[in-house]
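Chemist: What shape does this take:
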Amino acid sequence: MATLTSPVRTQNIVDRFADYVTATADSGISWGTNAYPFGEFDGNNFGGTTSGRPIGISGDNIGSGVITASNIYNTLVNETAAYTSIRNLRAILFVDGGGGNTGSRPTPGVIYDQTAVAYMNGSYLQSIGTPANNGVASGNVVSSVNLESFFDTLRSSYNSARGSTVTIQVNVCHASCHSSCHNSRSRR
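Modeler: Alright, predicted model coming up:
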């Protein structure tokens with residue numbers, strides 16, 4: 001865990017921000033490119049693994065030399081928004097045909113309906129709006145107290161986006177559709 005130094009350095013700001021937003025976003029991810037809700041789920045919906053998203057900025061993104069509040073604010077708001085594709089996913093598997101249903105899925109209908117945190121691809125990014133600056137604003141001397149408060153606001157903004165659930169339903173013709181029926185048709 002990073003602590004803010006005096007004087008504050010740009011990389012130090014990024015490291016402390018990562019303790020708030022990156023650590024929160026990367027925790028508790030159940031589904032990603034390495035773990036699907038069910039076998040028929042399209043992995044192209046995912047943007048990364050259950051390990052999470054590495055931080056995409058460094059101190060250089062905030063600036064070199066004089067650190068301005070507007071650079072801190074804009075850089076960190078944009079980086080927070082980049083994590084919003086890590087969010088709740090409701091994954092539904094629906095069997096819409098009656099023929100060929102064997103094994104663990106003998107009847108048509110909803111076979112799987114679960115909600116968990118997933119690392120979705122970039123098309124699932126969300127807006128976090130314009131979070132309160134908590135004193136990280138042009139004309140203000142930015143203190144460690146202001147920065148910590150701002151990081152907390154960014155984490156809250158991210159958590160609101162994370163709680164927004166996207167639903168993806170996958171329909172299959174019958175339970176053994178992908179594993180046996182379609183594969184055996186090619187052998188006929």
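
Chemist: pull the longest helix from this protein.
Modeler: helix 144-162 (DSSP state H).

Chemist: How far does it sit from its chain's centre?
Modeler: Taking CA atoms, centre = their mean, to the nearest Å, one finds helix 144-162 lying 16 Å from the centre of the chain it belongs to.

Chemist: Stretch 46-59 now?
Modeler: Taking mean C-alpha positions (CA atoms, centre = their mean), stretch 46-59 and its chain are 9 Å apart.

Chemist: Please report the distance of the spatially most central residue of the chain from residue 170.
Modeler: Among the residues of the chain, the one closest to the centroid is residue 86, at 0.9 Å (CA atoms, centre = their mean). Residue 86 sits 21 Å away from residue 170, going by CB to CB, to the nearest Å. Heads up, the C-betas are built off the backbone N, CA and C, glycines and all.

Chemist: Equivalent analysis for residue 144, please.
Modeler: 48 Å.

Chemist: ok, those two, which is more surrounded?
Modeler: Neighbours per residue (other CB atoms under 10 Å) separate residue 144 from residue 170, with residue 170 holding more: 18 against 15.

Chemist: Can you show me the helices along this protein?
Modeler: Taking DSSP H as the criterion, the chain carries its helices at 10-17, 23-25, 59-62, 69-82, 144-162, 182-185.
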